[in-house]
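In: test case, fold it:
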Amino acid sequence: MNLKEKLRSLFSSPAADENDTAIDIEQDGEVLFKEDIIHKVIEELEKRRTERSPLERQWTLNANFLVGNQYCEVNPYRGDIEQLEPVYDWLEREAFNAIAPLIETRIANLKKINYMMKVRPATNELDDYAKADVSTSILQYMQKASDFESKKNTMILWNELCGNCFWLSWWDKDKGEKYAIETVLEVGEDGIERKRERAYYQGDIDYGLITPYEIFPESIFKQGIENQRSIILEQVKSVEDIYDLYGIKVKGSAIETFELTPIASGGGFGYENTVVTIGHRTAENAEKIITYFEKPSKHKPNGRMIIIVGGEHLVYYGDLPYKQIPIVQCVCHEVAGQFFGKSTIENLIPLQRAYNGCINRIHEFIKRIALGNLLTEEGSIDIEEYEQNGLAPGAFLVYKSGSNPPAPVPNGALPAEIMQERYNLKNDMEYAAGVSQLMVNGATPSGITSGTAISNLMEIDNTRLSLTGDHIRNSVRKLASLWLEIYKRYANTRRILNYVGMNNIGKALIWSAEDINSYDVEYITENELLMSEDMQKQRFFDAYNMGLFTDKEGRIPERVKLRALEFMKIGSYSDIMNINSLQIQAAQRENVFFESGVIPKISEFDEHEIHIEEHLRYILQMDFQLLKLKKPEYAAALENHLKEHKQIVEAEEKQKAMMQMQSSMQ
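Out: This next block holds a predicted model:
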């Protein structure tokens, strides 16, 4: 089968339209027809939905508490979120949402992490180093060209909300560069033949996020995607999206899904407040897409994939197009022996309820002092008038003659333990969220004043938060490895990758699947939560002040000064660069020119010693060895260029020595 036929048949169903045509045979010898396949998949989906339903209720409860609907609970019978009725109408029921700022703080710090990666070579051979360099360029280009940063930020939001989020990757035959156009005849619904141009593309990877609401594992008690024999996805898409994806027209229906809904809730003392709740809604003109992934096994060496649209259209039945299930999981906190992770919000919910109760009781005490409570004999005052008007300032309170006058109820002072409980609950919530006052609002806890203690507190915060950061980094690293495997399988044609390299010089990389032979991906930088930018900056300047960067003549190299300017984040620092800094950049650009076969000439304005240092630094690196392997003539040109610089320096030194000798003889 040639490439064009593969691309055409990737998402075409091998199943016949007739329901009585056998499609496959199970391991026990059972013959599968179209209706059997659809029935088995939907039946398995419903079984997994029932098993997962308690977790889904928890995710919905998390979402409600995050948006501020905090007087609610899951109905154990219906599985819906229901509002809790107050025990008394006068009870204060405001929600003082401390969860939202804590989660926002976590998200803001998790977004600081750098996710740029590189590929390790399969062996120590120079050819493998070259292929690893190509794979690294592919990954970095993919991250920059596919809006990865925005998708990653959305993934962090879902990960914090539900404790899980998933990446789904697939090969899209209609992406990439167009390589051919074919004119075909198609018969329309009116029976008239019309010409239409059909374009063929090289194809490329596409990927997106899958929420935990949409994924159903084989067992929720098997940890990790790799331990699941099968995964089922259930997604709700509009009929237009379904046609764009699979080229079939389906009749849409009303599908139940989730949405944010404002509702009215009692706030106490006769007041009402509006809260936002996560509940069910109906998506019109949509259908469900069920995708069944089965990993390779002894019975199915190539795995199996099934796509069902609307519960009746078998769009695809056949081998899994990839070596593994193309889903990568990310968790907030791992739970031993369980597939789904745990959100931080789950630990915060009971503390938030206690915090709301504590603050509301304090406010009730304040209102009792302001509004007043009276002790009165029965029948001595007009109760209805008192309930309607209260004790307005300057108003007369008429009581029955001969009875004792109403007396205010002594409230006493608010116990100090209640205020302390408020602060204790706030601290407990920060601890449960893995942050501290220093990370939330920049304030140090009481009693901590020394710089060492503050630094230790920051390090503890970053270490605890780095647990989630490491889970995210591991998921992105697995995602990159999956991309390389998919490219290795489908990127069979020569491709051109245009990107901007060092010193803003454009490069064109020609590659194919043959240039990928390693899936060992690692990060360029360490987890910034373990080694924050501020910590890196401080250690750099400590070494700078200690003179550790000075050369044998006691001078600080220009490249170190440039690094210091970058750490200081001085705007437009290139405007204040000295000549030596510009000479360094010029020499580095020449190194890039040699890689492209452009041979720069030595200029009379070159600072030869700086150029010698930068060219020699490049020659001693692995990149030059790869250049020498692939383009030996370019490498030889750079070596000759370096020799010319050295010859000029030697000639200048000889001339200077002769002049000194002549001046001494005079």
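In: going forward, measure contacts between C-alpha atoms and count neighbours the same way
Out: Will do.
In: contacts only, for I486.
Out: I486 makes contact with W170, W171, I205, Y322, according to Cα atoms under 8 Å, 6 or more residues apart in numbering.
In: what residues are up against V560?
Out: So V560 contacts F549 (Cα under 8 Å, 6+ apart).
In: and it, what helix or strand is that in?
Out: Using DSSP states H and E, V560 sits in helix 558-567.
In: swap in V649?
Out: helix 632-665.
In: from the contacts of I486, which two are the most distant?
Out: Across those, the longest distance by Cα to Cα is 12.1 Å; it joins I205 and Y322.
In: can you list the residue ranges for helices in the stretch 151-300 of the chain?
Out: Taking DSSP state H, counting those that start in this stretch, the helices of the stretch 151-300 of the chain run over residues 239-246.
In: quick one, strands of it?
Out: Along the stretch 151-300 of the chain, the segments classed as strands by DSSP state E, counting those that start in this stretch run 164-172, 178-187, 193-201, 204-210, 215-217, 230-238, 253-268, 271-294.
In: deepest of these, which one?
Out: strand 215-217 (a mean of 23; mean count of other Cα atoms under 10 Å).
In: what about it, average pLDDT?
Out: What strand 215-217 shows for mean pLDDT is 96.
In: can you list contacts of that strand?
Out: Residues outside strand 215-217 that contact it (Cα under 8 Å, 6+ apart): L45, R48, R49, R52, Q228, S230, I231, I232, L233, E234, F339.
In: partners of that strand in the sheet?
Out: strand 230-238 (antiparallel) (DSSP bridges).
In: how far away from the center of its chain is the strand it pairs with?
Out: Averaging C-alpha positions (Cα atoms, centre = their mean, to the nearest Å) puts strand 230-238 21 Å from its chain's average.
In: what do you get for stretch 422-441?
Out: With Cα atoms, centre = their mean as the basis, stretch 422-441 stands 24 Å off its chain's centre.
In: can you mark which positions in that stretch are buried?
Out: By neighbour count on 16 or more other Cα atoms under 10 Å, the buried set for stretch 422-441 is 422, 425-430, 432-437, 439.
In: of the residues you listed, which one scores lowest on pLDDT?
Out: Within the buried residues of stretch 422-441, pLDDT is lowest for M439, at 57.
In: if we can go back for a sec, pick the one among the contacts of I486 closest to I289.
Out: W170 (15.5 Å).
In: how close does that closest one get to L482?
Out: 10 Å (Cα to Cα, to the nearest Å).
In: how far away is S238 from W171?
Out: 21 Å.
In: typo on my end, E35
Out: In terms of Cα to Cα, E35 sits 28 Å off from W171.
In: how about L348?
Out: 40 Å.
In: and if you look at K628?
Out: To W171, K628 is 35 Å away according to Cα to Cα.
In: I486 too?
Out: Separation of I486 from W171 (Cα to Cα): 7 Å.
In: now do the shared contacts for these two.
Out: By Cα under 8 Å, 6+ apart, the residues touching both I486 and W171 are I205.
In: center of the chain - which residue?
Out: Centroid-nearest residue in the chain: K152, 2.6 Å away (criterion: Cα atoms, centre = their mean).
In: closest one of the buried residues of stretch 422-441 to V250?
Out: A433 (45.8 Å).
In: phi, psi for that closest one please.
Out: For A433, the backbone dihedrals are phi -80, psi -10 (criterion: degrees, to the nearest 10).
In: what about the nearest residue to it once chain neighbours are set aside, neighbour count?
Out: For A433, ignoring the flanking residues on the chain, the nearest one in space by Cα to Cα, 6 or more residues apart in numbering is T344 at 6.0 Å. Neighbourhood size, T344 [other Cα atoms under 10 Å]: 23.
In: wait, T344 sits on A432?
Out: Yes. Using Cα atoms under 8 Å, T344 makes contact with A432 at a distance of 7.4 Å.
In: re the thing from before, now the common contact residues for W170 and L482.
Out: P326.
In: what secondary structure does L314 sit in?
Out: Assigned by DSSP: H, G, I helix; E, B strand; the rest coil, the conformation of L314 is strand.
In: and for the one 3 residues further on?
Out: Each residue gets one of three states, and Y317 gets strand by three-state DSSP.
In: separation between the residue nearest to it when sequence neighbours are not counted and E485?
Out: Spatial nearest neighbour of Y317, chain neighbours left out: I306 (4.6 Å); criterion: Cα to Cα, 6+ apart. Distance, I306 to E485, by Cα to Cα: 21 Å.
In: same deal with G402?
Out: Distance from G402 to E485, by Cα to Cα: 95 Å.
In: neighbour-wise, which of those two wins?
Out: Just comparing G402 and E485: by other Cα under 10 Å the higher neighbour count belongs to E485, 20 against 7.
In: what residues are up against the nearest residue to the more buried one once chain neighbours are set aside?
Out: Counting by Cα to Cα, 6+ apart, E485 lies nearest to Y519, which is 7.2 Å off, once chain neighbours are set aside. Under the criterion of Cα under 8 Å, 6+ apart, the neighbours of Y519 are V119, R120, S481, L482, L484, E485.
In: check D515 too.
Out: Residues counted as contacts of D515 (Cα under 8 Å, 6+ apart) are K131, V134, S135.
In: from those, which land in helices?
Out: K131, V134, S135 (DSSP state H).
In: output the below-cut-off pLDDT ranges for the stretch 101-250 of the chain.
Out: Residues of the stretch 101-250 of the chain that meet the criterion pLDDT under 70 lie in 126, 188-190.
In: give me that answer again for 80
Out: 114-116, 122-130, 179-180, 182-198, 247 (pLDDT under 80).
In: any figure for the gap between K631 and I138?
Out: From K631 to I138 the distance is 21 Å (Cα to Cα).
In: export the contacts of D515 as TSV, with columns for neighbour count and distance to R589.
Out: Written out in TSV, the entries for those read as follows (neighbours: other Cα atoms under 10 Å; distance: Cα to Cα, whole Å):
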residue	neighbour count	distance to R589
K131	22	23
V134	19	20
S135	27	23
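In: relative to I25, which of those residues is nearest.
Out: I25 lies nearest to S135 out of the contacts of D515, by Cα to Cα, at 39.8 Å.
In: that closest one reaches S512, doesn't it?
Out: No. Using Cα under 8 Å, S135 is not in contact with S512, being 10.1 Å away.
In: okay, now H471: neighbour count?
Out: 17.
In: part of a strand, is it?
Out: No. Per three-state DSSP, H471 lies outside any strand segment and is helix.
In: and the pLDDT at it?
Out: What the model reports as pLDDT for H471 is 91.
In: my guess is it meets C332, correct?
Out: Yes. If you go by Cα under 8 Å, H471 and C332 touch, sitting 6.9 Å apart.
In: what segments of the stretch 451-600 of the chain are strands?
Out: Using DSSP E, counting those that start in this stretch, the strands of the stretch 451-600 of the chain run over 495-500, 506-511, 521-523.
In: adjacent strands (with direction) for the shortest one?
Out: This points to strand 521-523. If you go by DSSP bridges, strand 521-523 pairs up with strand 117-119 (antiparallel).
In: contacts for the strand it pairs with?
Out: 132-133, 135-136, 139-140, 477, 518-524.
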